[in-house]
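**Student:** Show me the folded form of this:
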Amino acid sequence: MRMRVVAGALLGSLVLAGPAWSEEESGEPLAQVKVLLPARAGQWRTRSQQVFDGHRQELQRRSYTVWDDQTARGLDFVWIPDRPDGAVSGRVSGTGRLVWRLADKPSYDPAAFIAEYRGEMRDGRPHGRGGYRTRDGLAYEGGWKNGSPDGRGNLKLASGAEFTGRFKAGAAEGAGQFFDVDGEIFEGRFRAGLREGDGRTVLPNGASYLSAWTAGEEVEASRKTRLAQIGPAQGPANDIRLGVSVDRKDDESALQYSAQNRESGLVIQPSKKRLMSRWKGNDDITLTSQEEYPGDRGSYGVFAYSASDLPPLNLVFEVQNRAPGPVRIRGAYLDVDTSVSDLQPAIQLTAGSSGGCGVRDRTDFSPVFELENFGWAPAERAQLRFAFAKPNTSVAPGAAGTTKEVGLIRANAKVDLEGELRAAGVNTSRLKALGANGTGIACKSKGNAPACLAEIAGSGLFGSLSRQIALDERDIYVNAAGALNYVWRDQKGQENARTSPFSAKILLGRTPIEAECGEGAEKEPVGKKPLEFRLGQSKYRLPVAFERTIQAGRSARYTVAVGARMSSEHNFRVVLQTADGQQITSRPISLTYFRPNRLVEGNTTE
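**Tutor:** As a prediction, this is how the structure comes out:
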C-alpha cells in the first residue's frame, strides 16, 4: 500500500511518503515516512542586479550565481542580501532571501511567486540555518548542508502532514516525529528516511501503543497490536480519514494562517511570526524599515490591514476513503465548543524616521513617533521607560532612566521626545533648521562612513549624545530604547498588566544626497459565504452544505471559508455525516483568529 505525496521544491524535491491505500489491498494500511532529495540535473544560474552600497552611498551592479535544479521551468530569481554593502558578485554566500518566480510575469504579480528561501547561503546553495516555502504550501525550517536539509528541521506539506526531527543529506535520520493528516502520530527513529526500530504510535482514536519497524515496515506482532487498538470495524465511517489543514493564499500581502500539529490536536494561528510575537509574546513593538515602508512588498506595519488583505480563512478538508466501496457524504458541520472574543491590545510603534528612496513627506529631524493600537481594548495608564542608546544596544526596562507618561492608547498616541533631546544637550533648533532648508549635515569624508560619523559627532550639535549617534546610509540617528508599560481589561473586566520592549530610531538629521534611487530588490470550495463564528457562545454547530460521493481508494480535498467579526479564540472539530447516519470527526482544532479593530485604505506609502 503506497501513496506518495510529492512536492516540488526548487532547492530539491522533498518527498514525503505516508500512510497509503489502494483498491487492490485491504486491511489497515502501514504507516511509512520517507523524506529524500532525488538526484536531478541542474545548472548554475547568474543574474545581474543593482545594489545600493551604504558605505559608498552609490548604486553598484553585481552578478549573483545560484544553483538551479529545475531549469526546465524557466524560472527567474532574485537574491536580496541582508547586508547589501557586504555582498560580492559570484556564487552567493551570506544571509538573505532567495526568491524564485515565473519569468513571464511581472515581479509585483503575486501569481509570479513560486518559492522563497530565507537564511544562510554558501557557494550558491543553502547552507546553515534557513527556511524554505513554496506557493503550494510546502515549508521546511531547519539545518541545510550543500543545498539539502541536514541537521534538525521541520517539514510541512500542504496536505497538513508534518515531520519534525533530524535530517541527513535530505532524508530523515535518527529521532523524529511524524503527524499524518488525520492526526496519527509516530514518534521514534528513522534510517535513510524510513522508520526503524521501536517507537510510539498514537492512532486517530487517541489509543497509543509501542510499535516496531524494520526498513519502514511494521513488524507482524506490532501490527496485530495496532489492529487491536483500532477496534472492530463499525461500517464505512471506520475506513474514512478526515484531515484538516489551512489553504495558503498566493497574495503575500494578505493575512495568512498556518496549522501546527500537537498531540492534543491542531493549532491554527496567523503565520506571521512578528504579528504573533508582538500580539501574544514579548517581541519589540518597533516597526522595521521594511514594515514601515513596504512599497509593493506588502501591507504597512504588522497589524494594519486593508479589507482586501483580510480574506476569509479557508480550512482544507482532506477526505480519504479506504473502504472497499464508495462512501456518500450527506452533510457536515463545525462542532464548536467555545468562541471567545480576544480584546488584547495589538500595539506597534511607528518611528516614521526613514523610508529609503521614494518615500515622500519626510523631515530630516523627527523626534516624534506613534503608538498604534489595532486590538479591541484600549491600553490604559500607558507609560514609557527609556534611555537614549547606541543602535543594537539593549536597555533593560529597570535600567531606563527616563519616564514619559502616555496615558490612554485607544487607536493611536503620538510621543514627542524633543524636550528629552534638549535636556541631553542636543541643539534641536539648529537640527530643525538644517532639515528645513534641505542642506543636510555635510561631512568631508565621503565614502568612509566611520570617518564621516566621527566628523558629525564632533560638530557640537548632539550634546551628551555625540557618542550614541549612528550613521545609516544618509540617516543620522539615536535610539530611544526601553519598555512600554500598560494595563488592559479582558471581556470579564479583569485587569491585565503588559510590558512590551521597544527601540525607536529617532532621526536627528541627514547627510546631503549623493545617489539616486535604484532597483530594489486543486481544491474545491464548499459554499459561497464564509461561516461566521458566534462570539461569546459555546456548544453550537455551524452547518456546511456538503454532499459528495467519494469512490473507493480515492481522496478529495475541499475548502470551507470561516471568519469572525473581531479577534477571537475558537475550539472546534469538523464532523462529516455519511448517508447511513455515521459520523467522521476530526481531531480537536484550536484557532486564534486575528482581525484589527480598524482597517486601513490599502498601502499607506508609495
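
**Student:** which residues in the stretch 1-150 of the chain form strands?
**Tutor:** Listed in chain order, the strands of the stretch 1-150 of the chain (DSSP state E, counting those that start in this stretch) span 3-7, 14-18, 35-36, 43-53, 58-68, 75-81, 90-91, 94-102, 113-122, 125-134, 139-145, 148-156.

**Student:** Just put those strands in JSON lines and tack on distance to Gln583 and mean pLDDT.
**Tutor:** Yep, even glycine has a C-beta here, placed from its N, CA and C like the rest. Shown next, in JSON lines, are the strands of the stretch 1-150 of the chain (distance: least, C-beta to C-beta, whole Å; pLDDT from 0 to 100):
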{"stretch": "strand 3-7", "distance to Gln583": "25", "mean pLDDT": "29"}
{"stretch": "strand 14-18", "distance to Gln583": "24", "mean pLDDT": "40"}
{"stretch": "strand 35-36", "distance to Gln583": "34", "mean pLDDT": "53"}
{"stretch": "strand 43-53", "distance to Gln583": "52", "mean pLDDT": "78"}
{"stretch": "strand 58-68", "distance to Gln583": "49", "mean pLDDT": "81"}
{"stretch": "strand 75-81", "distance to Gln583": "45", "mean pLDDT": "87"}
{"stretch": "strand 90-91", "distance to Gln583": "57", "mean pLDDT": "88"}
{"stretch": "strand 94-102", "distance to Gln583": "43", "mean pLDDT": "89"}
{"stretch": "strand 113-122", "distance to Gln583": "39", "mean pLDDT": "90"}
{"stretch": "strand 125-134", "distance to Gln583": "34", "mean pLDDT": "92"}
{"stretch": "strand 139-145", "distance to Gln583": "32", "mean pLDDT": "92"}
{"stretch": "strand 148-156", "distance to Gln583": "28", "mean pLDDT": "90"}
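
**Student:** wait, which of these is closest to Ala171?
**Tutor:** strand 35-36 (4.8 Å; C-beta to C-beta).

**Student:** quick revisit: may I see the strands of the stretch 1-150 of the chain organised as CSV, with mean neighbour count added?
**Tutor:** Shown next, in CSV, are these (neighbours: other C-beta atoms under 10 Å):
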stretch, mean neighbour count
strand 3-7, 14
strand 14-18, 23
strand 35-36, 23
strand 43-53, 15
strand 58-68, 17
strand 75-81, 19
strand 90-91, 14
strand 94-102, 20
strand 113-122, 20
strand 125-134, 21
strand 139-145, 21
strand 148-156, 21
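
**Student:** Out of the ones you listed, the one nearest Phe365 is which?
**Tutor:** Smallest distance to Phe365 across the strands of the stretch 1-150 of the chain (C-beta to C-beta): 23.3 Å, for strand 43-53.

**Student:** before we move on, back to that, reformat the strands of the stretch 1-150 of the chain as a markdown table; add distance to Arg200.
**Tutor:** Putting those into a markdown table (distance: least, C-beta to C-beta, whole Å) gives the following:
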| stretch | distance to Arg200 |
| --- | --- |
| strand 3-7 | 23 |
| strand 14-18 | 17 |
| strand 35-36 | 19 |
| strand 43-53 | 44 |
| strand 58-68 | 39 |
| strand 75-81 | 41 |
| strand 90-91 | 44 |
| strand 94-102 | 37 |
| strand 113-122 | 32 |
| strand 125-134 | 28 |
| strand 139-145 | 22 |
| strand 148-156 | 19 |
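
**Student:** how much space between the nearest residue to Gly42 once chain neighbours are set aside and Asp76?
**Tutor:** Distances taken as C-beta to C-beta, 6 or more residues apart in numbering put Asp69 closest to Gly42, at 3.5 Å, once the chain neighbours are dropped. Asp69 is 15 Å from Asp76, where distance means C-beta to C-beta, to the nearest Å.

**Student:** what does Trp279 give?
**Tutor:** Distance, Trp279 to Asp76, using C-beta to C-beta: 35 Å.

**Student:** Also Gly137?
**Tutor:** 22 Å.

**Student:** Over to Ala254?
**Tutor:** Ala254 is 23 Å from Asp76, by C-beta to C-beta.

**Student:** closest one to Val219 among the strands of the stretch 1-150 of the chain?
**Tutor:** Using C-beta to C-beta, the nearest of the strands of the stretch 1-150 of the chain to Val219 is strand 14-18, at 18.8 Å.

**Student:** all helices for the stretch 251-400 of the chain, in order.
**Tutor:** 273-279, 289-292 (DSSP state H, counting those that start in this stretch).

**Student:** Most distant residue from the centre of the chain?
**Tutor:** What lies farthest from the middle of the chain is Gly460; by C-alpha atoms, centre = their mean that is 44.5 Å.

**Student:** For my notes, confirm it occurs in a helix.
**Tutor:** No - counting by DSSP: H, G, I helix; E, B strand; the rest coil, Gly460 is not part of a helix but coil.

**Student:** Contacts only, for it.
**Tutor:** Counting by C-beta atoms under 8 Å, 6 or more residues apart in numbering, Gly460 makes contact with Asn427.

**Student:** Over to Ile456?
**Tutor:** Ile456 is in contact with 441, 443, 469, 471, 476, 511, counting by C-beta under 8 Å, 6+ apart.

**Student:** Now for the fifth one, how many residues are close by?
**Tutor:** The number of residues packed around Ile476, counting by other C-beta atoms under 10 Å, is 26.

**Student:** now the first one
**Tutor:** Per other C-beta under 10 Å, the neighbour tally for Ile441 reads 22.

**Student:** Tell me if I'm right that it and Arg474 touch.
**Tutor:** No - counting by C-beta atoms under 8 Å, Ile441 stays clear of Arg474, with 9.6 Å between them.

**Student:** if we can go back for a sec, and the residue farthest from the centre of the chain, how close does it get to Gln468?
**Tutor:** 15 Å.

**Student:** again, but for Arg135
**Tutor:** Applying C-beta to C-beta to Arg135 and Gln468 gives a distance of 44 Å.

**Student:** How about Arg195?
**Tutor:** Here Arg195 is placed at a distance of 57 Å from Gln468 (C-beta to C-beta).

**Student:** quick one: which of the two has more around it?
**Tutor:** Using other C-beta under 10 Å, the more surrounded residue of Arg195 and Gln468 is Arg195, with 28 against 18.

**Student:** Tell me how far that one lies from Glu187.
**Tutor:** Relative to Glu187, Arg195 is positioned 10 Å away (criterion: C-beta to C-beta).

**Student:** With Val544 instead?
**Tutor:** 33 Å.

**Student:** neighbour-wise, which of the two wins?
**Tutor:** It is Val544, of Val544 and Glu187, that has more neighbours when counted by other C-beta under 10 Å, with 22 against 18.

**Student:** need the contact list for the closest residue to that one other than its chain neighbours.
**Tutor:** Closest residue to Val544 apart from its sequence neighbours, by C-beta to C-beta, 6+ apart: Ala332 at 4.1 Å. Taking C-beta under 8 Å, 6+ apart, we find Ala332 in contact with 317, 526, 543-544, 546, 560, 574-577.

**Student:** how many other residues sit next to the residue lying closest to Tyr540 once chain neighbours are set aside?
**Tutor:** Closest residue to Tyr540 apart from its sequence neighbours, by C-beta to C-beta, 6+ apart: Val336 at 5.3 Å. By the criterion of other C-beta under 10 Å, Val336 has 21 neighbours.

**Student:** Is Val336 in contact with His570, as I believe?
**Tutor:** Yes - taking contacts as C-beta under 8 Å, Val336 lies within contact range of His570: 6.4 Å.

**Student:** any common contacting residues for the two?
**Tutor:** Common neighbours of Val336 and His570 (C-beta under 8 Å, 6+ apart) are Phe533.

**Student:** re earlier: which ones among the contacts of Ile456 map onto strands?
**Tutor:** 471, 476 (DSSP state E).

**Student:** all helices for the stretch 401-550 of the chain, in order.
**Tutor:** Going by DSSP H, counting those that start in this stretch, the stretch 401-550 of the chain shows helices at 418-423, 428-437, 449-457.
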